[in-house]
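In: please work out how this folds:
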Amino acid sequence: MNLPRVLDPRWLCGLFLVGCAVATPQPAATSTSGESAMPPTPVGYLEGKVTIGPLRPAQRVDEPTRPVPPDVYAAYPVKIFTSDGATWVADVNVQADGTYRIALAPGTYVVALARMGIRMGRSRDLPKTIVIASDHTVRLDIDIDTGMR
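Out: Here you go, the predicted model:
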């Protein structure tokens, strides 16, 4: 049965719970004979690190970079779409240190930087087509240029 997107737990997780990026599969229930009643859902993972900069105009190359505030990561959302790039699958939840990890069903996806109002950051790394395989991890580091000069 196909449930409306509003009942999809991945959607609810990303919308209502802060810090929830990975829907961890639960162990399959076992019968009294020791056999699995339901096979576990196969998943693979996408993980990496997001860097954003410069964070202020006229930042010199020889200046130490300041830590990126969490609200800056939120201002440049990274989204995952189906292989045709048209259907949204999930939002990437970037942690305070810039890292992320998200569980996805095996398949082909497009990772893209969302366009949000006047904040038009760019990334040479995106859009990127990735292939997720069961029990494997794909690493994608993303460097976002804010355009400040």
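In: wait, H136 sits on G44?
Out: Yes - H136 is within contact range of G44, at 4.9 Å (criterion: CB atoms under 8 Å). For every residue, glycine as well, the C-beta is placed using N, CA and C.
In: pull the residues that contact stretch 70-86.
Out: Applying CB atoms under 8 Å, 6 or more residues apart in numbering, the external contacts of stretch 70-86 come out as 46, 50, 52, 55, 87-92, 94, 96, 98, 100, 102, 104, 107-114, 116, 119, 121, 126-127, 129, 142, 144, 146.
In: which of H136 and G44 has more residues huddled nearby?
Out: Neighbour count, other CB atoms under 10 Å: between H136 and G44, G44 has more, with 19 against 11.
In: which residue is the nearest non-sequential neighbour of that one?
Out: Spatial nearest neighbour of G44, excluding adjacent residues (CB to CB, 6 or more residues apart in numbering): I132 at 3.8 Å.
In: thought the one you found was touching Y109?
Out: Yes - here I132 reaches Y109: they are 6.5 Å apart, a contact under CB under 8 Å.
In: overlap in contacts of these two?
Out: Counting by CB under 8 Å, 6+ apart, the common neighbours of I132 and Y109 are L46.
In: quick one: strands adjacent to the helix or strand hosting V138?
Out: Assigned by DSSP states H and E, V138 belongs to strand 137-139. If you go by DSSP bridges, strand 137-139 pairs up with strand 44-53 (parallel).
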